[in-house]
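Engineer: Got a sequence here, can you build the structure:
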Amino acid sequence: MGGKIGVVGIVAAIGLFGAGQVMAQDYAFQGFSTADAMNQMHAAMRDNMMGSAGDTSTGRRGAAPSAALAAPGRAGGAVRTTYRASPAISARVRSQFSEFVGQTSGQEAEQRVRAVLASGDPVGSWSGIVRSDGLRPGDVADAMAAYWVMNWIIANGGDNNRAQTLAVKDQVRRVISSGPLSGLDDAGRQEMAEVLMLNFLVQHAAYTDASQRGDTAMLRRLGDAATTRFRNEMGVDLRRLQLTDRGLVAG
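Structural biologist: Numbers count the residues shown, from 1 in each chain. Okay, here's the model as predicted:
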């Protein structure tokens, strides 16, 4: 996932509030209607990788279904992962994303990020980065796979190939079939996917910028922050996972 960043201005926006701070959290997950479903999905991924059923019925990793889970998302017995994108949903996601940046980093950072997202095509930029790995927009499984692989790369200073990335996508699809997203409608699937894409773009920009500058200290801080965030929020140690042709597995 070393492709060029389509939204070049994201790197400049990151400079306003520090790449290390960006990596210390995910922006805008908890403010969205699909936040509970996102938490359930991450928990199910954790349990799949660890080979454990796990109790995800309480706490952040297994929050109760929210109102976003009201509409059915099954088609012919299978959980749908694709969606028809709506410009209105994209605009709302980007606006809320910018608001969360502002809450943590100030109005100047919010306005810069808002301007970058308004002037570019974030979904197109995401697609340009992940296309060679076989991932496409319009499917929340692709967005989730890219997000997990990107954070594994940042945490481990590693790399990925197409076969490994598609294996993680298959892994995500298996997890989804167990039901975490079964209640999401098109709007919910799009919201979740685009929140993941925006976080991916910010994280990819920070990591790529530090790599191109040869800033080993920043790369170490980014890796530590990603590892800490996944451990605290999802109960997963990214540095104890291996990226393989079977997906992400406990080492």
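
Engineer: what residues are up against residue 141?
Structural biologist: 81, 169, 172, 173, 176 (CB atoms under 8 Å, 6 or more residues apart in numbering). (Glycine included, C-beta is placed from N, CA and C.)

Engineer: from those, which single one is nearest residue 194?
Structural biologist: Ranked by distance to residue 194 (CB to CB), these are led by residue 81 at 14.0 Å.

Engineer: doesn't residue 201 fall inside a helix?
Structural biologist: Yes: Residue 201: assigned to a helix according to DSSP: H, G, I helix; E, B strand; the rest coil.

Engineer: looking at it, it is touching residue 121, isn't it?
Structural biologist: No: using CB atoms under 8 Å, residue 201 is not in contact with residue 121, being 10.9 Å away.

Engineer: The two: who's more crowded?
Structural biologist: Comparing residue 201 with residue 121 by other CB atoms under 10 Å, the one with more neighbours is residue 201, at 23 against 13.

Engineer: Next one, pLDDT for residue 5 please.
Structural biologist: Note on residue 5: pLDDT of 38.

Engineer: Just the mean pLDDT for whichever helix or strand residue 43 is part of, thanks.
Structural biologist: Per DSSP states H and E, residue 43 falls inside helix 35-50. Averaged over helix 35-50, pLDDT sits at 83.

Engineer: Stretch 160-172 too?
Structural biologist: 95.

Engineer: Please state the offset of it from the chain centre?
Structural biologist: 15 Å (CA atoms, centre = their mean, to the nearest Å).

Engineer: Spit out the contact partners of the residue nearest to the spatial centre of the chain.
Structural biologist: Computing the C-alpha centroid of the chain and ranking residues by CA atoms, centre = their mean puts residue 196 first, at 3.2 Å. The neighbours of residue 196, taking CB under 8 Å, 6+ apart as the test, are 140, 143, 144, 146, 147.

Engineer: Quick check: which element contains the last one?
Structural biologist: Following DSSP H and E, one finds residue 147 within helix 140-156.

Engineer: Can you give me the buried ones in the helix or strand following that helix?
Structural biologist: The helix or strand immediately downstream of helix 140-156 is helix 162-176, counting by DSSP H and E. Across helix 162-176, burial judged by 16 or more other CB atoms under 10 Å covers 164, 165, 166, 167, 168, 169, 171, 172, 173, 175, 176.

Engineer: Reformat these as a markdown table; add distance to residue 42.
Structural biologist: Output for those, formatted as a markdown table (distance: CB to CB, whole Å):
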| residue | distance to residue 42 |
| --- | --- |
| 164 | 19 |
| 165 | 18 |
| 166 | 20 |
| 167 | 18 |
| 168 | 13 |
| 169 | 16 |
| 171 | 13 |
| 172 | 11 |
| 173 | 15 |
| 175 | 10 |
| 176 | 12 |
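
Engineer: low-confidence ranges in the stretch 1-150 of the chain?
Structural biologist: Counting by pLDDT under 70, the ranges of the stretch 1-150 of the chain that qualify are 1-31, 51-78.

Engineer: how about the strands in it?
Structural biologist: 74-75, 78-79 (DSSP state E, counting those that start in this stretch).

Engineer: how big is the angle separating the helix or strand containing residue 230 from helix 35-50?
Structural biologist: Here residue 230 sits within helix 216-234, counting by DSSP H and E. When axes from the mean of the first three to the mean of the last three CA atoms, to 10 degrees is applied, the directions of helix 216-234 and helix 35-50 differ by 100 degrees.
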